[in-house]
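*Asks:* sequence and computational prediction follow.
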Amino acid sequence: VAAHEKSQDSLAYSPQIGTLACENLSVLGSLMDAMRQGQLSMHYQPKVDIATGHIHSVEALIRWHHPERGSIPPAVFIPRAEQSTLINLITEFALQQAMEQIVKWRACGIHIPIAVNISPRNLLWNGFTDLVLHLLRHHDVDGRSLELEVTEGALMTDMTRTIVELTRLADARVTISIDDFGTGYSSLQYLHQLPISLIKIDQSFVRRLPEDLGALHIVEAAVTLAHKMGMQTIAEGVESEAVYRLLGKVGCDIAQGFAIAKPMPADAFEQWHAQHAGRFLLQSA
Ligand code: C2E
Ligand code: MG
Ligand code: MG
Ligand code: MG
């Protein structure tokens, strides 16, 4: 990843430009193959209601297992896919997988909503909302079982259109959350114009807890802002019990991170869920 970032920084008249373009093409080409050959799968990471310990939902995170190169992280291939319409196919894949998983879990008594990550470009795609609504109907899934995680950047690209599309989804009771909150360059204006239920406080703030007072103030302010607007907050990247406890103390509603569980395949999540009887409680509570 570091090498890739470096080559992106030095784009101007660098001989690396050709290499980078080729590399992009080859990644995108093999990503197409990967989709056809079943190398893509979803992992699931629980989000826990801090006050009760109940599982609020699980986030679906894409995984690419390449037969020769091993596992390729989404931070490498998602940004490249986002530069083309390939990202629409990936999102369609993620939504399809999520629907099938919701149906499978429902059949064995697990009623947990699944959150799917949406790229900015997806919201500019004409058929996006129709696709989501179609998939819900087709799989007979209640909108409340689906959450869409949208980044701030995605919301700002075409505000008028975004309001229309997200409102249609919210009318179908799909939950809309803002991912990586606090890292975008947007104004806060959009918050009360959009049907947003959840704010995900970015891990860059959460990771600096509990010591960093600045980060703590930002988290507290985000919690207050969300609650004033009738929304809930999720902290992502919670890596210790101390931070989990602190978040509860400052009124953050939901937590997600390695302190609770890492993202895992569906069957591993089923085991985790059974072991915890559907509730996460701190070891040293
Ligand atoms: P994100 O949506 O903000 O997801 C959170 C990332 O943080 C995930 O990385 C997750 O595995 C990781 N994470 C969770 N808890 C912890 C923790 O306690 N500590 C640390 N250090 N990390 C934690 P992952 O799975 O590598 O995904 C990275 C990003 O790639 C995601 O960020 C999202 O922007 C994108 N992505 C992943 N799957 C999809 C997908 O299906 N579609 C789209 N469009 N983007 C995806
Ligand atoms: Mg996310
Ligand atoms: Mg995030
Ligand atoms: Mg992120």
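*Replies:* Noted; the coordinates are in hand. Ligands and ions are numbered 1, 2, ... in the order given.
*Asks:* just the pLDDT at Q8, thanks.
*Replies:* Note for Q8: predicted pLDDT of 43.
*Asks:* what sits closest to the residue of the chain found nearest ligand 1 if chain neighbours are left out?
*Replies:* As assessed by C-beta to the nearest ligand atom, ligand 1 sits closest to G257 within the chain, at 3.1 Å. (C-beta placed from N, C-alpha, C; glycine too.) Distance criterion C-beta to C-beta, 6 or more residues apart in numbering; nearest residue to G257, sequence neighbours excluded, is V238 at 3.2 Å.
*Asks:* for that neighbour, give me the backbone phi and psi.
*Replies:* Main-chain dihedrals, V238, degrees, to the nearest 10: phi -80, psi 110.
*Asks:* who touches it in this structure?
*Replies:* Residues counted as contacts of V238 (C-beta atoms under 8 Å, 6 or more residues apart in numbering) are 206, 244, 247, 255-260.
*Asks:* for P46, see how far away the residue of the chain closest to ligand 1 is.
*Replies:* From G257 across to P46, the span is 10 Å (C-beta to C-beta, to the nearest Å).
*Asks:* pretty sure H273 sits against I55.
*Replies:* Yes: using C-beta atoms under 8 Å, H273 is in contact with I55, at 7.0 Å.
*Asks:* ok, those two, which is more surrounded?
*Replies:* Counted by other C-beta atoms under 10 Å, H273 and I55 do not tie: I55 has more neighbours, with 24 against 20.
*Asks:* name whatever forms a beta bridge with that one.
*Replies:* V48 (DSSP bridges).
*Asks:* excluding covalently adjacent residues, which one is nearest to R173?
*Replies:* Nearest non-adjacent residue to R173, counting by C-beta to C-beta, 6+ apart: G143, 3.5 Å away.
*Asks:* next one, pLDDT for that neighbour please.
*Replies:* On the pLDDT scale, G143 gets 98.
*Asks:* for whichever strand or helix holds L95, what is the average pLDDT?
*Replies:* Assigning secondary structure by DSSP states H and E places L95 in helix 86-107. Mean pLDDT, helix 86-107: 96.
*Asks:* residues contacting the helix or strand following it, please?
*Replies:* Next in sequence after helix 86-107, counting helices and strands by DSSP H and E, comes strand 114-118. With contact meaning C-beta under 8 Å, 6+ apart, strand 114-118 is reached by 44, 47, 57-62, 91, 94-95, 98, 101-102, 145-150, 154, 175, 177, 179.
*Asks:* list the contacts for the residue of the stretch 1-150 of the chain found nearest ligand 2?
*Replies:* Minimum separation of the stretch 1-150 of the chain from ligand 2 (C-beta to the ion) falls at E149, amounting to 4.1 Å. The contact partners of E149, taken as C-beta under 8 Å, 6+ apart, are 59, 115-118, 177-179, 200.
*Asks:* so which residues on the stretch 1-150 of the chain come close to ligand 1?
*Replies:* 45, 61-62, 73-75, 78, 90-91, 94, 117, 119, 149 (C-beta under 6 Å from any ligand atom).
*Asks:* what does the stretch 151-285 of the chain give?
*Replies:* Listed as neighbours of ligand 1 in the stretch 151-285 of the chain under the rule C-beta under 6 Å from any ligand atom: 179-180, 236-239, 256-258, 263.
*Asks:* show the buried residues in those.
*Replies:* 179-180, 236-238, 256-257, 263 (16 or more other C-beta atoms under 10 Å).
*Asks:* what's opposite the residue most central in space within the chain in the beta bridge?
*Replies:* Geometric centre of the chain, nearest residue: N117, 4.0 Å, by C-alpha atoms, centre = their mean. Following DSSP bridges, N117 is listed with bridge partners E149.
*Asks:* ok and the host helix or strand of A274 relative to helix 86-107, angle-wise?
*Replies:* Element membership for A274, per DSSP H and E: helix 266-275. Here helix 266-275 runs at an angle of 40 degrees relative to helix 86-107 (axes from the mean of the first three to the mean of the last three C-alpha atoms, to 10 degrees).
*Asks:* so where's the stretch 1-150 of the chain uncertain?
*Replies:* The model of the stretch 1-150 of the chain has pLDDT under 70 over residues 1-25.
*Asks:* go with 90
*Replies:* Along the stretch 1-150 of the chain, the parts satisfying pLDDT under 90 run over 1-33, 35-36, 66-69, 83-85, 120-121, 123-126.
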